[in-house]
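Engineer: Starting from these lines, generate the structure:
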Amino acid sequence: MRGRPALHPLHPLSAEEVQLAAAACRSHAARLQLPPLRYNTITLQEPPKQQLLAYESGQVLSLPRLAFCILQTPPEFAFYEALVDLRSHVSTSAVVSWVKLNGSQLDGQPLATPDDCLLAEAIARDDPQVQQMVAARGVSFSAVACDPWAIHACPDEWMGRRLMQVFMYYKDGPDDNEYAHPMDLCPVVDLNEKKVIHVDAYPTPPKIPLKKANYHRQLLDKPFRPPAKPLMITQPQGPSFKVNGHHITWQKWDFRIGFNGREGLVLYDIGYRDEDQGGRRRSVVHRASIVEMCVPYGDPRPPYNRKSALDAGDYGLGFAANSLELGCDCLGEVTYFDGVVSDAAGEPVIIKNAVCLHEEDHGLLWKHLDYRTGYAEVRRGRRLVVSFIMTAVNYEYCFYWYLYQDGTVGCDIKLTGILSTSLLSPDEKQPSHGTLVGAGVNAAHHQHLFSARLDLVVDDEQGGKDLVVCELNAQQQPTGPSNPAGNGFICQETELTTVHQAQRTAAPELNRVWRIKNPGKQHPHSGQPIAYHLYPAQGPCLLAQPDSAVAKRAFFTTKNLFVTPYQDGQLYPAGQYVFQSQNDTGLKQWTQEDRSLLGADPVLWYTFGVSKALLKPRHSVGLLGPLPSAGWQRHVCDSDCWHQAHHALPAVVVSARCSHALAATTSVCVHQKLSDLPCGTRGVIQYAVHVMLQVTHFVRPEDYPVMPCDQIGFLLKPVGFFVCNPAIDVPPEDPAHSAGDCCNAAGAAGSSKLPDVSSDIMSRL
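Structural biologist: Coordinates of the predicted model:
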């Protein structure tokens with residue numbers, strides 16, 4: 001379109017724009033006679049949603065391009081928020097807003113940048129008392145590794161400071177796994193005053209575990225297994241996607257990506273070209289990203305009770321992004337996007353290959369075999385993957401957004417890296433809130449809870465303004481005149497029309513999903529509003545008590561779903577500033593008033609995650625005891641039993657309502673015929689019951705010294721959005737693209753004559 005600027009309004013800041021914004025702030029601060037600036041954040045200030053919609057529709061040709069900057073002037077405990085107009089290219093006059101924030105009056109502070117973390121470690125290392133305490137433990141200071149953490153549940157006497165705590169480990173060489181050698185020392189440092197204000201230590205210097213547990217290829221204590229045969233991922237004709245700047249098109253989809261220091265990867269304006277509507281582009285999602293995560297640890301003893309990271313608000317997912325490498329983090333025909341953030345001096349930091357774009361085979365897309373003719377139609381599926389990986393000290397978090405050929409949007413998060421370890425507390429012989437993964441090496445119980453902010457459109461011309469969020473539950477029908485055989489069940493839909501009504505938890509026993517529907521458009525056959533469903537992951541919400549510090553700081557972790565009316569600037573569920581916060585200044589405040597969600601452009605905040613805890617039953621009542629050699633199962637249940645087949649043991653069924661006589665002691669009811677069990681599984685049943693009692697993902701010795709990937713995610717699937725299966729037009733695979741015989745080649749001609757099925761059956765009888 002004529003008159004359009006070279007950069008889209010959502011294009012991430014370039015390195016040159018970061019420098020321009022920093023220079024503008026520096027000049028403005030000099031005119032105010034401020035001390036030298038320490039730059040915390042320089043990022044794109046996204047235009048308001050209504051302006052973006054007007055731009056996308058062509059009603060306006062350009063929008064202001066602004067940089068949002070967070071600045072510090074240490075040792076002063078204050079912060080500055082500045083907006084810089086990047087179109088002026090005159091640094092002395094480009095600052096259009098400058099606001100000073102008194103740190104003592106804020107509940108929370110700007111995040112700890114990578115430079116802040118390095119500063120915290122340097123302060124701890126330079127402290128004479130810390131050096132003496134390390135020496136008293138028989139360790140050379142040069143062999144100490146330091147993990148800087150934000151301080152959770154900050155004591156009142158430490159408030160009014162910018163603090164970090166530094167957990168210490170012995171590291172016997174540059175590639176040694178320090179988490180096999182935890183120490184008891186934890187200095188607390190003041191970043192503004194650049195000094196240590198406190199050191200946590202056990203009363204008596206403990207013995208440091210020295211047994212090594214390495215994962216580095218040069219330090220493994222066992223040989224590699226024989227390698228698997230090569231598996232080559234090639235696309236001789238190149239990828240199926242096209243990239244123009246940060247705009248991507250693929251298989252009827254198109255969307256835009258962004259990147260910033262706090263969220264990392266952001267997806268904008270996801271739309272689908274629908275051939276059943278004349279090739280019209282139908283917008284599905286306005287904006288989607290992982291906006292926060294919470295990792296609360298369950299050890300109540302100090303200093304470990306101060307471990308609870310809100311990684312996006314404490315450190316920034318994008319600031320900690322990895323530089324990805326072809327063949328390791330991504331496979332196939334890959335396109336990379338650099339990430340641009342800033343350092344404490346206001347200089348750009350370019351993270352090479354921060355975001356990876358590729359497509360991958362996803363197995364069967366759809367199939368049917370006509371048993372009468374023996375003819376099969378099969379389509380293999382592709383999915384487009386946009387991903388980035390960040391390292392939060394010990395853990396790696398791998399974020400994957402998927403687009404599927406059937407109109408589905410998905411998000412998966414893989415967790416790997418290393419468990420954050422500690423010594424046993426002085427009064428412990430066995431950990432009460434953790435698992436021994438090595439001799440004297442404790443890995444505490446903890447959770448990983450992620451918050452996805454989902455601003456959907458679902459083909460609403462006003463950007464999602466009139467969408468309605470509903471809850472769907474499977475409901476049994478009582479046997480009666482309308483259900484004489486007792487086999488009926490229905491899907492019960494409830495509209496969530498107010499903010500308080502829309503605070504929900506997942507319920508797998510009810511097959512609960514959340515529907516985001518557009519009442520202004522109906523499916524031509526069902527007559528129902530077009531919609532997308534949010535299919536939640538399983539797992540508990542926050543396990544800490546409601547009055548705990550983490551519940552007060554991260555209200556979003558207490559429910560799986562919140563829905564709020566759209567408002568510009570409401571991006572982070574725990575608030576703008578969460579580092580060292582005491583209270584939630586995000587969803588907790590935004591949901592105080594029970595506002596209507598009708599006509600309010602609802603935004604979904606979806607919390608999902610995994611828990612890592614020791615495998616322990618809640619009741620020691622001999623859950624199943626020795627299983628009988630034959631016949632029926634034993635029953636242990638109560639009225640709160642829930643219905644779900646454990647993923648590893650599909651033969652085990654847990655009932656939603658149990659009326660057996662042996663009830664009332666535990667929280668699980670197991671129903672199982674021994675004759676249905678596969679050979680060799682009888683001994684697993686008691687373990688399966690323990691798993692269902694905890695409803696958690698368990699820390700295992702196999703998670704150490706480096707953890708195999710755990711995975712969790714969710715899907716957004718079209719429901720009545722399309723006339724029929726939108727992937728029906730995916731063409732068969734070209735036989736030339738397969739190394740072996742292709743099923744489509746064998747059956748491509750179809751069958752012109754139906755076989756005499758009945759004669760064939762009778763002849764075999």
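
Engineer: From now on I want contacts and neighbour counts done on CA atoms only, so please keep to that.
Structural biologist: OK.

Engineer: and Y202, how many neighbours does it have?
Structural biologist: Close neighbours of Y202, defined as other C-alpha atoms under 10 Å, add up to 13.

Engineer: per-residue pLDDT, it?
Structural biologist: On pLDDT, Y202 comes in at 97.

Engineer: would you list every one of the strands in the stretch 301-450 of the chain?
Structural biologist: 308-309, 335-342, 348-370, 375-392, 395-404, 409-417, 421-422, 434-438, 441-444, 446-456 (DSSP state E, counting those that start in this stretch).

Engineer: most packed of the ones you listed?
Structural biologist: strand 441-444 (a mean of 26; mean count of other C-alpha atoms under 10 Å).

Engineer: Need the contact partners of that one.
Structural biologist: Contacts with strand 441-444, where a contact means C-alpha atoms under 8 Å, 6 or more residues apart in numbering, come from 180-182, 209, 297-299, 419-424, 431, 433-437, 613, 699.

Engineer: Likewise for stretch 472-484?
Structural biologist: Residues from elsewhere that reach stretch 472-484, judged by C-alpha under 8 Å, 6+ apart: 485-494, 510-515.

Engineer: Please apply the same query to stretch 143-158.
Structural biologist: With C-alpha under 8 Å, 6+ apart, stretch 143-158 has contacts from 112, 117, 120-121, 163-173, 178, 305-309, 314, 393, 549-550, 579-582.

Engineer: How about stretch 383-396?
Structural biologist: Contacts of stretch 383-396 (C-alpha under 8 Å, 6+ apart): 147-148, 250, 264-265, 311, 317-318, 320-322, 324, 354-362, 397-405, 415-420.

Engineer: which of the contacts of stretch 472-484 are buried?
Structural biologist: L510, N511, R512, V513, W514, R515 (16 or more other C-alpha atoms under 10 Å).

Engineer: What's opposite the fifth one in the beta bridge?
Structural biologist: Bridge pairing for W514 (DSSP bridges) gives the partners E471, L534.

Engineer: ok, it to F714 distance?
Structural biologist: Distance check for W514 against F714: by C-alpha to C-alpha, to the nearest Å, it reads 12 Å.

Engineer: Can you work out which residues contact both of these two?
Structural biologist: L534, Y535.

Engineer: which residues touch D184?
Structural biologist: Neighbour list for D184: F167, M168, D200, A201, Y202, P205, P206, S422, L423 [criterion: C-alpha under 8 Å, 6+ apart].

Engineer: Go ahead and confirm the fourth one touches M168.
Structural biologist: Translated: A201. No - the criterion here is C-alpha atoms under 8 Å, and A201 misses it with M168 at 10.6 Å.

Engineer: Those two: which is more packed in?
Structural biologist: M168 (24 against 16).

Engineer: any idea which helix or strand carries that one?
Structural biologist: strand 163-170 (DSSP states H and E).

Engineer: Please apply the same query to V18.
Structural biologist: helix 15-31.

Engineer: Could you give the separation of that helix from the chain centroid?
Structural biologist: Relative to its parent chain, helix 15-31 has a centroid offset of 34 Å by C-alpha atoms, centre = their mean, to the nearest Å.

Engineer: same thing with stretch 257-266?
Structural biologist: 13 Å.

Engineer: Equivalent analysis for stretch 97-113, please.
Structural biologist: 26 Å.

Engineer: again with stretch 415-422
Structural biologist: Centre-to-centre, stretch 415-422 and its host chain are 17 Å apart (C-alpha atoms, centre = their mean).

Engineer: before we move on, what about stretch 592-604?
Structural biologist: Stretch 592-604 sits 24 Å away from the centroid of its parent chain (C-alpha atoms, centre = their mean).

Engineer: tell me which residues of that stretch are tucked away?
Structural biologist: Buried-residue list, stretch 592-604, by 16+ other C-alpha under 10 Å: R595, S596, L597, L598, A600, D601, P602, V603, L604.

Engineer: same question, stretch 109-118
Structural biologist: Applying 16+ other C-alpha under 10 Å to stretch 109-118 flags Q109, P110, L111, A112, T113, P114, D116, C117 as buried.

Engineer: Just the residues contacting it, thanks.
Structural biologist: Contacts of stretch 109-118 (C-alpha under 8 Å, 6+ apart): 40, 70, 103, 148-150, 162, 191, 313-316, 319-320, 343-344, 577-581.

Engineer: same check, this time on stretch 566-586
Structural biologist: Here stretch 566-586 has contacts from 48-49, 107-112, 150-154, 162-163, 291-292, 310, 313-314, 451, 453, 549, 552-556, 587-588, 600-603, 605, using C-alpha under 8 Å, 6+ apart.

Engineer: Just the buried residues of those.
Structural biologist: Once neighbours are counted (16+ other C-alpha under 10 Å), the buried part of the contacts of stretch 566-586 comes down to 49, 107-112, 150-153, 162-163, 291-292, 310, 313-314, 451, 453, 549, 552-556, 587-588, 600-603, 605.

Engineer: so where is the stretch 501-650 of the chain shaky, pLDDT-wise?
Structural biologist: Scanning the stretch 501-650 of the chain for pLDDT under 70 picks out 612-650.

Engineer: hmm, back to that, looking at the buried residues of stretch 592-604, which are in helices?
Structural biologist: Among those, none falls in helices (DSSP state H).

Engineer: before we move on, the earlier item: list just the nearest of the contacts of stretch 472-484 to P726.
Structural biologist: Among the contacts of stretch 472-484, R515 lies closest to P726 (C-alpha to C-alpha), at 19.2 Å.

Engineer: excluding its backbone neighbours, what's nearest that closest one?
Structural biologist: Sequence neighbours aside, H533 is the residue nearest to R515 in space, at 4.5 Å (criterion: C-alpha to C-alpha, 6 or more residues apart in numbering).

Engineer: hang on, isn't the one you found packed against L716?
Structural biologist: Yes - between H533 and L716 there is a contact at 5.4 Å, judged by C-alpha under 8 Å.

Engineer: In the stretch 151-300 of the chain, mark out all the strands, start to finish.
Structural biologist: Going by DSSP E, counting those that start in this stretch, the stretch 151-300 of the chain shows strands at 163-170, 186-190, 195-200, 242-244, 247-250, 253-260, 264-274, 280-296.

Engineer: contacting residues around the first one?
Structural biologist: Counting contacts by C-alpha under 8 Å, 6+ apart, the residues outside strand 163-170 that touch it are 120-121, 124, 139, 143-151, 178-179, 181-191, 208, 580.
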